[in-house]
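Trainee: what's the 3D shape of this:
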Amino acid sequence: MKQICVFLAVFFLALFFMISAGQGNELKAGAACVDITPSGTVYLAGWTPYRVSKGIETPLKVNIIALESVDARGKQTDTAFILAFDLISIRVGLMAPLRQALAKECPELNLDKFLFCGTHTHCAPLVSDQQMTKTEGIMHPTEYVAEIVPKVVAGVKRAWSTRQKASFSFGLGEAVVARTRVTRYTDGTSKMYGKTNQDNFDSPESPEDHEVGCMFFWDTKGKPIAMLINVACPSQGNERYSNCLLSSDYWGRVREKVAEKYGDSVVVAGLCGAAGDMSPHQMIHIAARARMDKLRGFIPTQEAARRITQAIDYVYPLAFSDRKDDVMLLHRHAVITVPKRVPTKAEYDEAVSSLAKLKVKASTAGNGFRRVISRYENLKTTPVPTFKTPINVLRIGDTVLCTNQFELYSAYGLRIKARSRAVQTFVVQLTNGSANFDVTKPNGLSAEEQWGSAGTYLPTKRGTEGGSYGGLVQTNLVGPSGGDVLVDETLKIVNELW
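Mentor: Numbers count the residues shown, from 1 in each chain. Model prediction:
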């Protein structure tokens, strides 16, 4: 009798720890794809200011994956909502009204469990004001946001309401898509898209990450519900070739190829890895790459899509054979504080001088200089400025996905992957915008806060020393010391889940 009691005690203790750790739980998954192509002409974000759309090359989408973990008693233990937008970034101009609408329409859902991610296409509408006045015949950013928010909310509801018992698997492929876009010269300086075919060329400034991280969610019959594909490269291959056509860039081409092979019901969430210093543009052997594209009859986005789908095709059968339905789902949200980058006196003087030389004083071209001047002068009252930024860490089985709001230089992503205890780590940038806003007051931010609400560069020390575009103080709020804190705080949460 005593032995039986001991056995039962050990059994129920083990069961308790298994349930509390998330093991023995049932995974449920639902998915939806929503068209967010604007109904009219819009201003395009990225590349050069004030471009106006002239048509549609490929439709813009938001791809949604909803996940729920339920324990043996049928009680929900955690959730995750992953939304991959064909947009340049997720700024407060979209985040605030979207969170407001979700809070109203889906009060049972925890907004801290949402990942709003931008693919960084440069051929999609602006979603923040950026000092624009309304122009007849062109949708203002606020009008576009008002148009898509109800669609996105409906998509979240559909993904959540159609969730079903699911299995999970993952895998690692490779595809050369990202290229370091910063050229380093022998004198120690750097330049974004700087020429490499000259005597003072030294090397690409940053390490490249060619991994294609894949997650798969399957129904009980082994049919794919959704794929999550992580590539450390912004989808901006089309910016030079689109002729101002709206485009989902290479992700639209990837979705087309996946639909052809695996069925058009599969939702593909394309997520951008740490790639603030990357682009799909060839920097060395430019003529050779152009020749190959011409021989294939491809444009660059088609070639990127071919490489990514090749990686998916390699991983898919292996992942299919390794499906697991007893999967741990643990999701943590945190708002961390990182040091802001402090402008030097020399950077301040240069900003003052550059602003004075502008012919049109009210031009948006001077905004970066104005921000540097303001930040430097604010040091009198706040000598150690800090910035609050949201991060999410999502463990699914032996994988972990961790997010940040920045255009994060690639080295930081590689550090996180290398030091993570997970079997496979997914790093996702341009996610969730700023922590510094109240959803009840979407217009209550200063100009600097609105600018910093997403997508500012976070360069490495090497990047700031070189002085290329992303390393300049006027293009970022947070510098290398803040990047170090971001990596350490992310890993602290990641490794606590193991």
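Trainee: number of residues surrounding the closest residue to residue 217 other than its chain neighbours?
Mentor: Leaving aside its sequence neighbours, residue 217 sits nearest to residue 29 (Cβ to Cβ, 6 or more residues apart in numbering; 4.2 Å). All C-beta atoms are positioned from the backbone trio N, CA, C, and that covers glycine. For residue 29, the neighbour count with other Cβ atoms under 10 Å is 24.
Trainee: for residue 161, same thing?
Mentor: Neighbours of residue 161 under the rule other Cβ under 10 Å: 10.
Trainee: that one and residue 30 touch, don't they?
Mentor: Yes. Applying Cβ atoms under 8 Å as the test, residue 161 and residue 30 come out as touching, 7.1 Å apart.
Trainee: pull out the buried positions in the helix or strand hosting the residue nearest to residue 217.
Mentor: Assigning secondary structure by DSSP states H and E places residue 29 in strand 26-35. For strand 26-35, a neighbour-count test (16 or more other Cβ atoms under 10 Å) marks 26, 27, 28, 29, 30, 31, 32, 33, 34 as buried.
Trainee: quick one: contacts of it?
Mentor: 59-71, 151-152, 154-156, 158-168, 217, 225-226, 267, 325, 327, 329 (Cβ atoms under 8 Å, 6 or more residues apart in numbering).
Trainee: tell me how far it lies from the chain's centre.
Mentor: 19 Å (Cα atoms, centre = their mean, to the nearest Å).
Trainee: now it: mean pLDDT?
Mentor: In this model, strand 26-35 has an average pLDDT of 98.
Trainee: stretch 488-498 too?
Mentor: Mean predicted lDDT for stretch 488-498 stands at 97.
Trainee: next, the buried residues of it.
Mentor: Per 16+ other Cβ under 10 Å, stretch 488-498 contains these buried residues: 489, 490, 491, 493, 494, 497.
Trainee: ok, now stretch 400-411?
Mentor: Buried residues in stretch 400-411, counted by 16+ other Cβ under 10 Å: 400, 401, 402, 403, 404, 405, 406, 407, 408, 409, 410, 411.
Trainee: show me these that map onto strands.
Mentor: Using DSSP state E, the members of the buried residues of stretch 400-411 that fall in strands are 400, 401, 402, 403, 407, 408.
Trainee: pull the contacting residues for residue 233.
Mentor: Taking Cβ under 8 Å, 6+ apart, one finds 177, 178, 272, 273, 275, 278, 279, 280, 304 in contact with residue 233.
Trainee: what separates it from residue 121, distance-wise?
Mentor: Separation of residue 233 from residue 121 (Cβ to Cβ, to the nearest Å): 12 Å.
Trainee: run a quick neighbour tally on residue 285.
Mentor: Neighbours around residue 285, by other Cβ under 10 Å: 12.
Trainee: any idea how far it lies from residue 276?
Mentor: According to Cβ to Cβ, residue 285 stands 23 Å off from residue 276.
Trainee: swap in residue 112?
Mentor: Counting by Cβ to Cβ, the gap from residue 112 to residue 276 is 25 Å.
Trainee: between all of the contacts of residue 233, which two are separated the most?
Mentor: The span of the contacts of residue 233, defined through Cβ to Cβ, is set by 273 and 304 at 14.0 Å.
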